[in-house]
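Enquirer: Need coordinates for the following:
(chains A, B, C, D and E)
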Amino acid sequence: MVKKVFEKPLSWIERILFIDFIKGLSVTIRHAFSKTITTHYPYEKLTPPKRFRGFFGHKVINGTEPQPGFNEWTERMKIEVIPGKSRCVVCYLCKKACPVPQLFEIDGKKVESGKKVVGVFNMNLMLCTFCGFCVDACPVDCLFQSDIHETASYTRKDAILDLETLERVGKDWQRRRDNEPDRIWIDDRQRERLWYENDVRLPEVKK
Amino acid sequence: MIKWVIFLSFSLWAIISGVGVVLFSNPVYVILWLLSALISIAGIFFVAGAELVGALQLLIYAVAIAVFYVLVLTAVPWEKALKKDTHFRTSGILSLPVVLLLYVEMALVFILGIAASPEGKFREAIKKLGNTEVIGSVLFSKYFFAFEVVSLVLLVGMIGAVIIGRKEKQTYENDTP
Amino acid sequence: MPWAKGEDFGDLKQRFKNLNIVELDTETSLHIDKENLIPLLEAVKEKGFKLFLDHSVVDLKDVFEKDKDYRAVAKANLLAFPEDKLSRYQAFYILYNVEERKRVIVKTRTDGKLPTIEKLWFAGKWAEREAYDMFGIEYEGHENLARAFMWETYPYYPLRKDFPLEGFPEQDLPSLNDVILGDKLEGTMNYNPKHTIVPTLEDLEITEKRRLKKKAQIVLNWGPLHPGTHGTMWFLFDLEGERIVQTDVILGQLHRGVEKLAEHEQYNQFLVYTDRMDYLSALCSNQAWVVAVERLLGIHQLVPEKAKYIRTMMSELQRINSHLLWLGTYALDLGALTIFLYAFKEREKIMDILEGITGARLTISYPRVGGVRMDLPEGALEVIKAFIDRFPRELGDWERILSRNRIWLRRNKGVGHISREDAYFYGLTGPVIRGSGIAYDIRKVEPYDAYPEVEFDIPVGEVGDCYDRYLVRVEEMKQSIGIIRQCVEKLEKMPKDAPFMMESPDKKIKITLDGLGLKVPAGDIYSSGENPRGELGFYIMSVGAFKPYRVKIRPPSYYNLSIYPHLMKDRVIADAVTVLASIDPVVGETDR
Amino acid sequence: MESVIAGLIIAVIKILVILGVVLGVGAYLTLVERKVAAHIQRRPGPMVVGWHGLLQPLADGLKLMTKEDLFPRYGNRVLYNLALIMALVPATLVFAVIPFGPEFELFGYKIKPILTDVNVGLLLVFGLGSLAVYAIALAGWASNSKYPLIGSMRKAGIIVSYEVAITFAVMGPLILAGTLSTYNIVEAQIEQKLWYVWLQPVAFVVFMFSLLAETGRVPFDIQEAEAELVTGFTVEYGGMKFGLFPLVEWYVEVLSLSAIAVVLFLGGWSPINIPFIGFIDPLFFLGPLSPFVWFILKVTALFLFILWLHWTLPRYRIDQITEIAWKVMLPLALFNLVFTAIIAPVVWR
Amino acid sequence: MKTIPLEAYFAVSMILFGLGMLGMIVRRNLVTVLMSLELSLNAVNIAFVGADAYMGLVEGQIFALFIIALAASEAAVGLGIIISIFRYRQVESTDEITDMRG
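Expert: Numbering: from 1, shown residues only, chains lettered A, B, ... in the order given. As a prediction, this is how the structure comes out:
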């Protein structure tokens, strides 16, 4: 229940023969002759896991929408379904769930058929905390967070994601990683460099 | 010839540094000039063939003693001291005749002393054994008592310095933010 | 539930006529008038409630203005003397009895003046400074009633209800783009250029001057940006040679008004800000907040077992993570440069795990009220198992370099000695109090999530110096490994599709993943979690709305730091880093 | 006259060689240190500039050269710059009395690979070596800032304390060799077929501790202790001026003092020595070059050992360091000196 | 190359000694007075060593060593006194200390 921590004092033999130093030195020399574990960052990059909360994107309509939710929501919000365009149904749930709702600027746009599509969808990432509440709130699996994490830019303007950028990120994501299994990470070979001592055995990736 | 050149340059250096010691007002510059004088005097010692004294001059004087001065100077707030004129001008001019008199007296003593000097009895030994060894043998036989007295004086000086420089620990009441 | 019972205070009832003992589901509180506050606190302290936990004030202005709220609050019996509508503030003092494991809240009402408790608990001195800073409460007899976070000339009291969240538009602050590129930004980028006033250099100078009397020749500014302070703390050392005569702490360099934000966020959304308080142990803070809200809702029993185990396991991983950073920087401060990178090597593995499971490395926001955000991904348990199998060996390596090294011993033993009485007096918690030999651990005292079901020991030190704190933290890492192992075993046995979010049986409380529309009934609670740095407590007062009425965070680092000036008396500068690192404050938490 | 000119030319060549080698090697030792530190910490170290970062010191130098030269407003500019010179000059001057190898003949001239074989070489080494105190004290004072002042005070205190210990520590080997000349000390060891480290282990340990202290290496690097004093007395220096101080302290001085340690305790240019057996030279195939290689190898080994210590140990506190100097190292060295002085004439000669 | 005459050593010694004396008289600051004293002591050392070199003796060098040793103790005690005066009286010039009560 309660454990007293204790270390016995240095003995005279240890003091005179510098045994404490020698022990430490033996550890460091062993490490000095082991493999290095670093990733040479700008030249090699790890693949972030699928759950990584990076830049935002809009998934586009390509037939993999969560059904029947998507159809219900398009009917309720009167949304025109255009393949290859954003799945957004202009429900404002993301804005409602956001701790900093000022960062969203969402507006619908009328098309000829009388229905609506999303017209404006700006996100100001300078205010964003990348918490993922908006992603949880999205009822049609449209808004998501991709693995893009190098987000530095020269001007503040670049920190605004508009609808075009979001759709581009989304298409890119759907092409690259949408079909991956929900696995802790997928780049076993890259992670091996850090984890080789730990002898990790992960179950095989199912394609 | 070369020896003369070296000796003269060292002497000149020493004298310039000595003038610097007297004239400069900032104590930190003064200690630097003193250091320079000490090093050049060590050079004169080397020219004179007194290697041990020269090396000890460097080791003890230039490093150990002068360092105390530097530490004292850098530890003490000098802003106030630097503002003031650091020379007694009038008394300095008044003292010049006295210094001149001193010079004359010293010159007299030196000239008379040279006339009555003994001839070198260790010259052969120095050539054979080297300076250091001869000094050691003479120091620890003939001047052993003086050596002991000097070491005692050093010890007393050290203890005295520690006692003088010690500071009573001040205690403060316990208030914290 | 570790709350004191009403009968414990039976004798006090006779002594104090106005004393009103209230027992709720969530807490036990003593209501007393202002005049009898100090005698009551003294009496309670004598009864064994020696450890000071927290003190602050609630501004009741909005409650009195809105009749509906007032009725709800009065019905829930949250107010001391609810009929008194003139006294605007309600002060509360949270105390703990270490021997009998009981907690109690003392509540009183005031209109702006309170007697000081600095003689009873030093930690109260700092709490009072904070309350003075945030509410403008005048403490009579307080020795150093300087503002805790804001600068000295700041005219407002930010946590009062009449101070708007956006502040007052008074001063032009052009955005960076305006200055450099001349851009006129439109749309979402168009910030309001008017802000509440910000400090000028003169203000900061006044702040620096208004401090305890200067005691020595040299005043060393240690911080706000200094590698030894682990963040942006500002220490002023009065030095005599290298000996420190007096220490002053100026906080507030990272003050972001988290408590004010909490009053304007929904319960679930505030999770994001708990990440940013103690950013080294975000998950533990998340868990503490989530548990507090669940207890306030009364649903903490209904959370699915899987979620509980996942939360426990992850927060123990986070604890190791945080202690690793502490170990690395501690060794770095004492000159052992290599341990820092060794610790970061293992920390990187934990980061990999956390990133794979939660999606973020630092600001995790993984738990949700009623469960966790996502189930564990494939392969997570295997990786964690591989990690905990290897980790004790690495820890042993570091201990071989450090624990019995003569230099390490000389730098740590006898430095920063905290006695048991001091630990109570300064309101210490976490490894700092355990280093002094007091087995105070919330995970045992008020167990939450899966902690009652796992076995672990509380490591305690004997002397209470830096070395004991070091050993305690190292031992805590080993205990965490044990907890994680038990959790992994349990989780492996659970079916893959077991629920990870709570489903309310009676649809009375609707809980969704995003927490939209989480309405909490009127009530208040003090609930705490064991963070790597100590007890992170949340005092939440709800008036039955979607947003909390008042959230007071008890930051462990803030009170742990309050002993620092005391410890630094008559030590040298080199010990300043040792002691500071062994207390291990995180500025995001002290300042909030 | 011709011999004088030849002597002068040889001296100039020696000076140039020593200066070039010392400063060049000093600069490249930064790379060695970074690589050693990196591998101890499981990193590869500099890898980008050149093959395995071989050109990194040049890039660093270029970066430092092109940096802005900052000067604190109320500092003393003369002393601020003088401190640099006073740090650099004595540190390189020490190499004047280090013998790199035995005497050899080239084009009919006998050349001793030592700049000046003074009778009192060792005293000079310590005299010059501790002139560095001035550089540090002045650097701290001239910066007009509190951190540099504290750092320089610390360092000056350490050097003054350990100068005493190191002087007493080298007395043992001096008594055994019977000379103060560095060249003759090595010759005496070769003659007596014994490294003095076997006879004077206590002196060696004291010497190594003092070496670490004087050069500000871990566990005595408190003058710069970045957690407490940022970088100590170099806080207010910028650009190449900032770069020169560590170069002098951490590399040139370590190099010179480890060379002295090799000369005094490890038999200078002699090959491996085993007591009662004599010298064993596995590098005999190098012929006349082997002594030089041995010397370089020994200095390198000592330097690497110092790096290894640096990246393993924590650091002491200032009061503990001076306490160790006066309460442990000085009594040990004195005891060793007295013991040697009593035993050596009876047993040794 | 002949040896340097004794007069040369004496001349240098005399000049430095005079400078040291002058410094001791003229200086207002306590520490610099002590420094001038050190300069005078060194001048004497030059005379001793020069005479030795001329005459082939070693006694002068031995006395130079004694002088160095005594200078060390003098510096220690003198600086100690100066520091304590600074600490208690906060003065920095010789004429401000008019009594011996510390």
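Enquirer: the strands in the chain, which residues?
Expert: You didn't say which chain, so I picked chain A. Here chain A has its strands, by DSSP state E, at A:2-4, A:56-58, A:104-110, A:116-124, A:143-145, A:160-161.
Enquirer: please go with chain D instead
Expert: Here chain D has its strands, by DSSP E, at D:104-106, D:109-111, D:272-274, D:278-280.
Enquirer: Just name the most buried of the ones you listed.
Expert: Comparing these by mean neighbour count (mean count of other CB atoms under 10 Å in any protein chain shown), strand D:272-274 ranks first with a mean of 16. Yep, even glycine has a C-beta here, placed from its N, CA and C like the rest.
Enquirer: so for that strand, what's the average pLDDT?
Expert: For strand D:272-274, mean pLDDT is 76.
Enquirer: how about the residue in the stretch 201-349 of chain D positioned nearest to chain B, what does it touch?
Expert: Chain B sits closest to residue D:233 of the stretch 201-349 of chain D, with a gap of 10.9 Å, by CB to the nearest CB. Residue D:233 makes contact with D:136, D:139, D:140, D:143, D:148, D:149, D:151, D:152, D:155, D:223, D:224, D:245, according to CB atoms under 8 Å, 6 or more residues apart in numbering or on different chains.
Enquirer: possible to save those as CSV with neighbour count and distance to residue B:15?
Expert: As requested, the contacts of residue D:233 are exported to CSV (neighbours: other CB atoms under 10 Å in any protein chain shown; distance: CB to CB, whole Å):
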residue, neighbour count, distance to residue B:15
D:136, 29, 29
D:139, 30, 29
D:140, 29, 31
D:143, 26, 32
D:148, 27, 34
D:149, 24, 34
D:151, 28, 36
D:152, 29, 31
D:155, 29, 33
D:223, 26, 36
D:224, 23, 39
D:245, 23, 33
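Enquirer: Pull the number of nearby residues for residue 69.
Expert: In the absence of a named chain, this looks at chain A. Residue A:69 has 13 neighbours, counted by other CB atoms under 10 Å in any protein chain shown.
Enquirer: Wait, chain E was what I had in mind.
Expert: For residue E:69, the count of nearby residues is 18 (other CB under 10 Å).
Enquirer: The host helix or strand of it: which residues count as buried?
Expert: Using DSSP states H and E, residue E:69 maps to helix E:59-89. Using 16 or more other CB atoms under 10 Å in any protein chain shown as the test for burial, helix E:59-89 gives E:59-69, E:71-86.
Enquirer: cool, stretch A:105-114 as well?
Expert: For stretch A:105-114, a neighbour-count test (16+ other CB under 10 Å) marks A:105, A:106, A:108 as buried.
Enquirer: Quickly check: that stretch near chain C or not.
Expert: Yes - contact between stretch A:105-114 and chain C, assessed by CB under 8 Å from any CB of the partner chain, occurs at residue A:105.
Enquirer: Repeat that for stretch A:41-49.
Expert: Yes - interface with chain C: stretch A:41-49 contributes A:48, A:49 (CB under 8 Å from any CB).
Enquirer: Give the rounded mean pLDDT of that stretch.
Expert: If you average the pLDDT over stretch A:41-49, you get 85.
Enquirer: ditto for stretch B:16-34
Expert: The average pLDDT for stretch B:16-34 rounds to 83.
Enquirer: now stretch C:53-68
Expert: The pLDDT scores in stretch C:53-68 average 85.
Enquirer: got a list of what the closest residue to chain E within chain A touches?
Expert: Nearest to chain E in chain A, going by CB to the nearest CB, is residue A:15, at a distance of 33.5 Å. For residue A:15, the contacting residues are residue C:406, by CB under 8 Å, 6+ apart.
Enquirer: if I look at it, how far off is residue C:166?
Expert: Using CB to CB, to the nearest Å, residue A:15 is found at 64 Å from residue C:166.
Enquirer: Next, please give the residue ranges for the helices of the stretch 201-349 of chain D.
Expert: Using DSSP state H, counting those that start in this stretch, the helices found in the stretch 201-349 of chain D span residues D:201-215, D:226-229, D:239-246, D:253-265, D:290-310, D:318-323, D:330-343.
Enquirer: Including distance to residue C:360, could those go into JSON lines?
Expert: Shown next, in JSON lines, are the helices of the stretch 201-349 of chain D (distance: least, CB to CB, whole Å):
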{"stretch": "helix D:201-215", "distance to residue C:360": "44"}
{"stretch": "helix D:226-229", "distance to residue C:360": "29"}
{"stretch": "helix D:239-246", "distance to residue C:360": "38"}
{"stretch": "helix D:253-265", "distance to residue C:360": "45"}
{"stretch": "helix D:290-310", "distance to residue C:360": "36"}
{"stretch": "helix D:318-323", "distance to residue C:360": "42"}
{"stretch": "helix D:330-343", "distance to residue C:360": "56"}
